[in-house]
Structures are given as C-alpha cells and as structure tokens.
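In: Dropping a prediction and its sequence here:
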Amino acid sequence: IAGITQAPTSQILAAGRRMTLRCTQDMRHNAMYWYRQDLGLGLRLIHYSNTAGTTGKGEVPDGYSVSRANTDDFPLTLASAVPSQTSVYFCASSQLAGERTDTQYFGPGTRLTVL
Amino acid sequence: GQNIDQPTEMTATEGAIVQINCTYQTSGFNGLFWYQQHAGEAPTFLSYNVLDGLEEKGRFSSFLSRSKGYSYLLLKELQMKDSASYLCAVRDGDYKLSFGAGTTVTVRA
C-alpha cells in the first residue's frame, strides 16, 4: 500500500545519545514535514522541505536537524537527545507546498522517550 | 505564531450530532483543514475549506467564516468509531500549517 513509513515505531533513548528517525514516502510528493505531538499542545512543526535539496525551520527546530537528499526520504536527527524531546514524532508529505488545496498526509508516528 | 482554539473534550450519544468549533487568528489565510486522529494512530484528512460556507462529505460537514475567524466540524449520526480527536489546522500566508490542540470526542452507547 502506498504511503508514508516511519522507523522505528518506538524507541527509548538515553539522554545525550544521537538518534535518527527515518521517514520514507512512495507517493512522489514534493514536500515533507516533521512534527512533534505533545499532550495539550497539538502538532508542532519542527522542520520542513518543500522539494528535494531544500529544507526550512518550523516552529520548534532547536535540537533537531534534517536533510533531503532525494524525493522519498526525510530523516530527522537529534544530535544529543534531552528529556524534553520525549514526544510522538510524525512525518508528513504533500504534493506541492504553496498550493492552496495542498493536503498533508501523515505517517504512523514514532514514539520517542528520552531518559 | 498562530492562535487556534478548540474545546478540549466533548461527549455525545450514539446517533446524535456533535459540533466542534474552532476559532483562529493567523497572519494570512490559505485554508482550514480538519483531521481525525484515533488514539495511538496518525492524523487522517477529513475536510478542507478555503471559501466561506459549508462543505458536506457524508456524515461529516465543515463550515468556514473567514471574516469571523471561525470554523466548525459537524458530525452527524454518530457512531462508536467516531470516538477520536479532531484537529483543526489553519494554513497561513506562508503556507505553513498550524494545528489546534485537538478536541477529544467520546461517543457513548
């Protein structure tokens, strides 16, 4: 089934460790996004990429980095994890950012706990 | 940043109607989205409004008033499977999507 996959499904990580969350889509969407979802705060944008080779900062980018080497993959890296990065992370993609009708579709999420 | 408000929780009976309100303040406006999210799952797209008025999709309808910064999602003939969180999201002038905290709807038998 076409869509977005994320890995791992869940992870427990020691503070200070480096971690990369993986996201792959097979819909040939141009734009991809990373969100974190915390109770009572809703989804917040971390980083985004409107097209392969470009990235941008969202609302809460500190402590995270991304790359977009090709259309399909958009990994999110935590260089040195801290407990406040405990959250559920969702990757999303859309056909064409900048179009009014553009709709984002979400992956299944990664539940990350930093101890 | 954007300011998007929606009620935290709502409870309704199976077969009834529930209306979830969303008010927003944004810098620029390029559409309002509603997503459904079941516990432990990903958000899934429900509806999109960019012009004022009502959009109907089966048992779900969404309304928008741009001048009032207001939208609602109407769920009719409620079913147990409709128990979920409903997320209001607004696309701003920079085409970035900002989400409300979500409304958890519980459907009782």
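Out: Sure, I can see it. Numbers count the residues shown, from 1 in each chain, chains lettered A, B, ... in the order given.

In: A:Gly40 reaches B:Ser85, doesn't it?
Out: No. The pair A:Gly40 / B:Ser85 is not scored as a contact, 11.6 Å apart, by CB atoms under 8 Å. To be clear about C-beta, it is placed using only N, CA and C from the backbone, and glycine gets the same treatment.

In: shouldn't B:Ser47 be in contact with B:Lys57?
Out: Yes. Here B:Ser47 reaches B:Lys57: they are 6.0 Å apart, a contact under CB under 8 Å.

In: got the CA positions of the host helix or strand of A:Phe90 in PDB?
Out: Secondary-structure assignment from DSSP states H and E places A:Phe90 in strand A:87-94. What follows is strand A:87-94, C-alpha atoms only, in PDB (Å, rounded to 0.1, in the frame of the first residue of the first chain):
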ATOM      1  CA  SER A  87       7.300  13.000  22.300                       C
ATOM      2  CA  VAL A  88       5.500  11.400  19.400                       C
ATOM      3  CA  TYR A  89       7.000  12.300  16.100                       C
ATOM      4  CA  PHE A  90       5.000  12.400  12.900                       C
ATOM      5  CA  CYS A  91       6.400  12.700   9.400                       C
ATOM      6  CA  ALA A  92       4.000  14.000   6.700                       C
ATOM      7  CA  SER A  93       4.100  14.700   3.000                       C
ATOM      8  CA  SER A  94       2.200  16.700   0.500                       C
END
